[in-house]
Structures are given as C-alpha cells and as structure tokens.
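*Asks:* Next input, structure requested:
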Amino acid sequence: MQAPSVGGVMLPRGNGEAIRLSRGASLTDFAEKINANPASLVAVMMNLGEMVTATQSVSDETLELLAGEMNYTVQIVSPEEEDRELLESFDIEFGEDEGGEEDLVVRPPVVTVMGHVDHGKTRLLDAIRKTNVIAGEAGGITQHIGAYQVATEVNEEERKITFIDTPGHEAFTAMRARGARSTDIAILVVAANDGVMPQTVEALNHAKAADVPIVVAVNKIDVEGADPTKVRGQLTEYGLVAEEYGGETMFVDISAKQGLNIDSLLEAVILTADASLDLRANPHQDAQGISIESRLDKGRGAVSTVLVQRGTLRVGDTMVVGDAYGRVRAMLDDNGSNVAEAGPSTPVQVLGLTNVPGAGDNFLVVDEDRTARQIAEKRAARERNAAFAKRTRRVSLEDLDKVLKAGEVQQLNLIIKGDASGSVEALESSLLQLDVGEEVDIRVLHRGVGAVTESDIDLAMGSDAIVIGFNVRAAGRAAQMAEREGVDVRYYSVIYQAIEEIEAALKGMLKPEYEEVELGTAEIREVFKSSKLGNIAGVLIRSGEVKRNTKARLVRDGKVIAESLNIEGLRRFKDDVTEIREGFEGGINLGNFNDIKVDDVIATYEMREKPRV
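*Replies:* From the prediction side, this is the model:
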C-alpha cells in the first residue's frame with residue numbers, strides 16, 4: 001500500500017506497525033527504519049506545518065506526528081533500555097551478579113536518611129559518623145550528596161552500614177528519589193515535637209515508590225513537647241505500623257543532638273535488612289555500581305563518589321561512568337585515606353576520569369580503554385541528541401509569525417554552573433518545573449560543573465542568558481568580561497534562593513493581566529440639557545463612589561446600552577469635584593454621549609493589574 005506522493009515521490013505506508021526509535025532521533029533515522037528517502041519525510045513534515053531538517057534531532061511529539069501521518073506507531077526507547085542495548089552490543093550485562101549461589105557473599109545494607117527539612121537528618125548523620133558536616137553547610141541545609149560507611153556491633157558481630165547522605169530541601173526531590181532507588185533501606189526521620197510534615201509524607205512516598213523497607217527514627221525526644229507516641233499514630237495512617245502495635249516497621253526514639261539511642265537505630269537497620277532483604281553480591285567479578293556525586297577539583301580534576309554494587313573496584317581498572325571514562329588513578333574512602341580496592345556496598349571517591357559524570361549515572365569496569373571510550377562517546381551522543389530534541393520549539397507555519405513577534409512568546413535563557421553535578425541537576429530540574437503560565441518559557445542553554453568561564457560569558461552574550469553560579473565563582477577574566485559586556489551573573493550558595501529569584505524574574509517577564517473593578521453606581525433621577533455640554537445626568541450615588549475620568553457603562557432596564565463611556569464632568573451643586581460618594585447627589589457629564597434617560601444606571605469601573613501568584 002502506498003501513501004500519496006510528495007513531490008512526485010511515492011512514500012511507503014504502514015499498517016500500524018511499531019517503529020522503535022531513540023530519544024532525539026532524526027528524520028534520517030526514521031527513514032532508515034521504513035526504507036524511505038529522508039528528503040521526502042522533510043516534505044511530509046512541511047505539509048504538516050513543521051520545518052525540520054533531515055538530520056535534526058526532533059522531539060517525541062514530532063516523531064509521533066509523522067508516524068501517525070504515515071500509519072505507523074512510534075515506540076520511544078527509554079534511556080534505561082537504550083543503555084542496556086548499548087552495553088549488550090559490547091557483550092556486557094549490567095545489573096546482574098555473575099556466577100552461581102556459591103559466588104555470592106553478604107554485603108552491607110545501603111541506607112538513605114530521609115525526612116522533613118529541619119527534623120535533624122544531617123545532625124543524625126553527624127552523630128553517626130562523629131564529624132560536624134552541618135557547620136560547613138550554607139543555611140544549615142546539606143547541599144551535596146556524600147556516602148559514608150560506619151560499623152556497629154549486632155549480636156557480638158561487627159556489621160557495616162553504608163549511608164547515602166541526600167540533601168534535605170524539597171528542591172532536591174529528584175535527587176532524593178534517586179537516593180531511594182540506589183538504597184536498600186530508608187531511615188525516615190520525624191521530629192517528636194513536630195510530627196508528620198508535608199515533606200515527611202513526600203519522603204515516605206519516595207521510599208514506597210522505590211519499594212524499600214523503612215526504619216523510623218523519632219528524633220528530638222529530648223526537647224519540650226516531644227510526643228513519640230503521636231508520631232507512631234500519625235504514621236499508622238500512611239501504612240507504617242510500629243512493631244509494638246502489631247506492625248512490621250521498627251521505630252527507634254533517638255536524640256541526634258544528645259547522641260541517644262544511635263546504636264539502637266543502627267541495630268534496627270541491620271535487623272530490618274536481615275529480616276526483609278537478601279543482601280548478597282559477587283565480589284569477584286568486574287565492578288559495577290552507581291555514581292553518587294561528582295565534582296571538578298582544581299588540583300585533582302574530575303572526582304566522582306561511586307557506590308560499588310557488585311564486584312570489586314581496584315586502582316588501575318578502566319571504568320565508564322555515564323559519559324565519562326578513564327583509568328582509576330587513585331581511590332579514597334570516606335575519611336580521605338587511599339584504598340587499593342572497594343567491594344560491594346563500599347563508597348569511594350575515584351580520580352582519573354576524563355570529565356565529570358552526572359549524579360545517578362551507572363558505572364562499570366571494562367577490559368580495554370578503547371571499549372570504555374566508545375561506550376562513553378555513544379552515551380554522550382545519545383544524551384546530546386535527546387537534549388537537542390528537548391530544546392526544539394515546535395513552531396507551525398500558522399503560528400510562526402506570532403512566535404517571532406516581540407512579546408508573543410518570551411523566553412528566559414539560563415546557563416547553570418555549580419560545584420557538583422547533583423546540585424546542578426537538582427537546580428535545573430527545579431527551575432524547569434516552575435509554572436508561571438504559557439506566555440513565558442524557561443530554557444537551560446548549558447549546565448556544567450566548575451567555575452564560570454569566559455566561554456560561558458560568550459554563550460550568554462550571544463543568547464541574552466543569565467548565568468547562575470551555585471557555590472562557584474567566575475574564573476580568570478570571566479568576571480571582568482561579564483561586567484564589561486553587561487552579562488548578568490548571579491551567585492548562590494542556598495538553592496531555594498536561586499529558585500525564588502528566577503521565579504520572580506519569570507513573573508516579571510509576563511505581560512500584565514488586568515481585571516475590572518467596579519467603583520460605584522449612579523441612578524439617573526433627572527436629565528438636564530445644556531447647549532454647551534449636551535445632556536447632563538442628575539444622579540444619586542447608589543453604591544461605592546463615582547470618580548472623574550473613570551470608565552463607565554450605561555445600563556437601562558438591566559441591559560447594557562453603551563460601553564466604554566468616560567466620566568468627563570462631575571459636579572456637586574455649582575462646584576466641580578473629583579468624586580461623589582454613596583448617598584450623595586450630583587451631576588455627571590458623559591461627554592459626547594447624550595442618550596440618557598431617567599432611571600438609567602451609570603456603572604463606573606477601572607481596570608487594575610492583577611498580582612501574579
């Protein structure tokens with residue numbers, strides 16, 4: 001069966017069969033799947049009102065539009081599936097332990113601490129690892145993801161627990177969700193004096209979505225107004241029933257500040273892991289795992305904190321982390337000491353990568369540097385195509401002129417630089433979720449880890465972008481260049497300040513919206529004729545007040561007779577006045593409009609700008 005020809009070329013027409021395409025695919029990729037000429041698909045898109053080149057990365061919606069026109073369906077391959085297929089092409093299986101049951105050994109549980117922003121998550125971790133992290137955090141909020149391993153004694157046996165320290169502010173929803181996915185157990189911290197708060201529920205939902213067991217740490221039992229029993233009752237409503245009430249969830253009353261019952265909490269984590277999970281991994285295979293956090297260090301280059309999930313990572317291994325690769329030059333544990341190898345559930349900082357990977361990227365060890373480079377380059381190209389497709393604004397021929405007109409669609413361009421990939425990603429995610437209406441669009445042109453550079457200022461100059469530096473400053477001559485060229489560079493150390501300021505800027509770009517506000521009504525009691533001014537209405541002000549030079553409409557028998565009139569003259573007896581209030585009489589002149597009668601009502605109003613909420 002053939003579709004109608006385009007430019008004399010007959011196009012194949014499908015029977016509803018599915019075409020599998022990756023994110024950011026081009027028309028050329030589509031054409032290869034159906035044995036068509038890419039130029040003919042460009043012509044089809046033009047007929048559909050879309051201007052797209054053959055090699056341009058296009059959005060999922062555009063691919064679906066084209067497929068529907070040609071009677072195909074499109075299946076967009078998920079990023080996880082894409083990555084699995086990529087690794088399979090190199091004969092690599094990710095996410096599975098090699099060997100049999102005899103090769104598996106018990107590994108420590110990986111724990112994420114979650115909860116409301118000020119219920120004591122950081123102080124709890126501080127108490128656990130006996131170091132004062134909170135002192136260095138701006139605004140008292142954890143800004144980075146870290147990973148730490150501690151030891152505790154359970155039944156006279158030393159057991160290790162790995163903690164992933166995720167940021168606590170609600171802006172880090174995406175990072176907390178990722179933290180839950182990479183962990184075995186979630187500790188939900190709830191303050192005994194505050195009880196369950198909205199962010200507590202949010203954290204609880206993340207843990208449930210990740211299908212991980214939960215241990216509840218009821219914190220601040222030493223403060224006034226503490227009521228641990230109330231917390232247990234509140235959480236029962238969300239499906240967390242304490243063991244003492246016949247449920248399966250372990251509750252531990254603690255004071256992170258005083259260091260009370262911290263050992264009991266660690267024991268509860270181990271007992272929950274033993275009862276609910278089969279935590280084993282093969283330490284003898286090539287290492288695989290996940291990147292927890294990455295940053296650019298001035299002296300050491302790209303530094304990535306990785307969590308080994310299976311296998312053993314060794315110094316000298318060739319590894320791929322997301323779209324970064326390299327040979328492990330050195331490994332540091334959570335105390336900053338050099339280590340030669342790291343087994344399952346062990347977090348380490350890795351040095352030697354070519355660039356900074358993203359938080360949450362998976363890593364794997366491969367045999368050859370060439371293989372690592374090929375995997376990293378293909379991942380980078382895939383992400384680049386997906387990003388290009390996301391940036392593409394769908395513009396049809398009908399509304400092209402409207403889009404190009406100044407003020408019809410406004411866009412705030414941003415360049416985000418930060419000290420760590422997780423923070424940059426969370427900031428970008430939060431900003432893109434800002435909703436201030438359809439008139440204004442927010443677009444992140446570039447994001448990266450490291451100082452603000454001259455190339456960032458160049459990009460900002462060419463695109464009228466604002467540069468955001470999160471815990472970083474401008475390097476070298478970039479600051480002078482920005483000042484000279486008038487580029488707006490804003491520095492932040494607490495993420496919600498950045499979000500609030502950008503939201504305010506977005507609202508400022510919106511066209512003002514106006515609403516009509518009624519001022520007053522006047523009933524005409526008598527009509528006076530003036531050779532100089534025309535008809536003058538003798539009125540009684542029924543409600544509000546009538547002001548000179550305001551808009552008015554004339555209502556007769558409940559129907560609007562005239563709109564957009566103007567109160568040009570206003571008199572009380574023989575005096576000109578600016579306003580007449582309710583209950584008083586006066587005279588109104590409506591300018592050139594003279595069709596007024598007794599019992600008509602003059603309703604006055606003004607247009608006021610609506611505040612943006």
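*Asks:* and Asp369, what does it touch?
*Replies:* Asp369 is in contact with 318, 325, 327, counting by CB atoms under 8 Å, 6 or more residues apart in numbering. To be clear about C-beta, it is placed using only N, CA and C from the backbone, and glycine gets the same treatment.
*Asks:* Write a PyMOL command that selects only the buried members of the residues you listed.
*Replies:* The buried residues among those can be selected in PyMOL (16 or more other CB atoms under 10 Å) with this line:
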select buried, resi 318+325
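*Asks:* so where do the strands sit in the stretch 401-550 of the chain?
*Replies:* Along the stretch 401-550 of the chain, the stretches classed as strands by DSSP state E, counting those that start in this stretch are 410-418, 440-449, 465-470, 489-492, 514-530, 534-547.
*Asks:* Ok, the stretch 101-250 of the chain next?
*Replies:* Under DSSP E, counting those that start in this stretch, the stretch 101-250 of the chain gives strands at 105-106, 110-115, 146-154, 157-165, 185-191, 214-219, 250-253.
*Asks:* In the fourth one, which residues are buried?
*Replies:* Under the neighbour-count criterion of 16+ other CB under 10 Å, strand 157-165 has 159, 161-165 buried.
*Asks:* got a markdown table for the residues you listed, with distance to Thr183 and pLDDT too?
*Replies:* Listed next are these as a markdown table, based on distance: CB to CB, whole Å; pLDDT from 0 to 100:
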| residue | distance to Thr183 | pLDDT |
| --- | --- | --- |
| Arg159 | 16 | 92 |
| Ile161 | 11 | 93 |
| Thr162 | 9 | 92 |
| Phe163 | 9 | 90 |
| Ile164 | 6 | 84 |
| Asp165 | 11 | 73 |
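*Asks:* Out of those, which comes closest to Glu81?
*Replies:* Closest to Glu81 out of the buried residues of strand 157-165 is Ile164 (25.5 Å), distances taken as CB to CB.
*Asks:* sorry, back to before: in a markdown table: the strands of the stretch 101-250 of the chain, plus distance to Thr578.
*Replies:* Below are the strands of the stretch 101-250 of the chain laid out as a markdown table (distance: least, CB to CB, whole Å):
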| stretch | distance to Thr578 |
| --- | --- |
| strand 105-106 | 86 |
| strand 110-115 | 59 |
| strand 146-154 | 67 |
| strand 157-165 | 65 |
| strand 185-191 | 58 |
| strand 214-219 | 63 |
| strand 250-253 | 69 |
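*Asks:* To Ser264, which of these lies closest?
*Replies:* Across these, closest to Ser264 is strand 250-253 (CB to CB), at 5.2 Å.
*Asks:* Tell me the buried residues in the next helix or strand after the closest one?
*Replies:* Next along the chain after strand 250-253, taking DSSP states H and E as the criterion, comes helix 262-276. Buried residues in helix 262-276, defined by neighbour count with 16+ other CB under 10 Å: 262, 265-270, 272-273.
*Asks:* Can you tell me which of those comes closest to Ala36?
*Replies:* Nearest member of these to Ala36, counting by CB to CB, is Ala273, at 54.9 Å.
*Asks:* what sits against the closest one?
*Replies:* 109, 184-185, 213, 279.
*Asks:* what do you get for Tyr72?
*Replies:* 14, 16-19, 34.
*Asks:* What about those residues, which one has the most neighbours?
*Replies:* Ile19 (19 neighbours; other CB atoms under 10 Å).
*Asks:* now for the helix or strand hosting that residue, which elements pack on it?
*Replies:* Taking DSSP H and E as the criterion, Ile19 maps to strand 18-22. Packed against strand 18-22 by the contact rule (3 or more CB pairs under 8 Å, 6 or more residues apart in numbering; DSSP states H and E) you find helix 27-34, strand 73-77, helix 369-391.
*Asks:* before we move on, the earlier item: now the contacts of Tyr72 as JSON lines including pLDDT and distance to Ser493?
*Replies:* Converted to JSON lines, the contacts of Tyr72 look like this (pLDDT from 0 to 100; distance: CB to CB, whole Å):
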{"residue": "Gly14", "pLDDT": "74", "distance to Ser493": "54"}
{"residue": "Gly16", "pLDDT": "78", "distance to Ser493": "54"}
{"residue": "Glu17", "pLDDT": "83", "distance to Ser493": "54"}
{"residue": "Ala18", "pLDDT": "86", "distance to Ser493": "49"}
{"residue": "Ile19", "pLDDT": "88", "distance to Ser493": "48"}
{"residue": "Ile34", "pLDDT": "89", "distance to Ser493": "52"}
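*Asks:* Just send those residues back as a markdown table, with distance to Lys257 too.
*Replies:* Formatted as a markdown table, the contacts of Tyr72 follow (distance: CB to CB, whole Å):
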| residue | distance to Lys257 |
| --- | --- |
| Gly14 | 66 |
| Gly16 | 64 |
| Glu17 | 63 |
| Ala18 | 58 |
| Ile19 | 59 |
| Ile34 | 65 |
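*Asks:* Which pair of these spans the longest distance?
*Replies:* Going by CB to CB, the pair spanning those furthest: Gly16 and Ile34, at 12.9 Å.
*Asks:* show me the contacts for Ile128.
*Replies:* Neighbours of Ile128 in contact, by CB under 8 Å, 6+ apart: 148, 150, 163, 262, 266.
*Asks:* now the fourth one, nearest residue through space, not along the chain?
*Replies:* In space, and not counting its chain neighbours, Ile262 is closest to Ala127: 5.4 Å by CB to CB, 6 or more residues apart in numbering.
*Asks:* So that neighbour sits against Gly259, correct?
*Replies:* Yes: the criterion here is CB atoms under 8 Å, and Ala127 meets it with Gly259 at 5.2 Å.
*Asks:* Count the neighbours of the closest residue in space to Gly544 that isn't next to it in sequence for me.
*Replies:* Spatial nearest neighbour of Gly544, chain neighbours left out: Gly520 (3.1 Å); criterion: CB to CB, 6+ apart. Gly520 has 21 neighbouring residues, counting by other CB under 10 Å.
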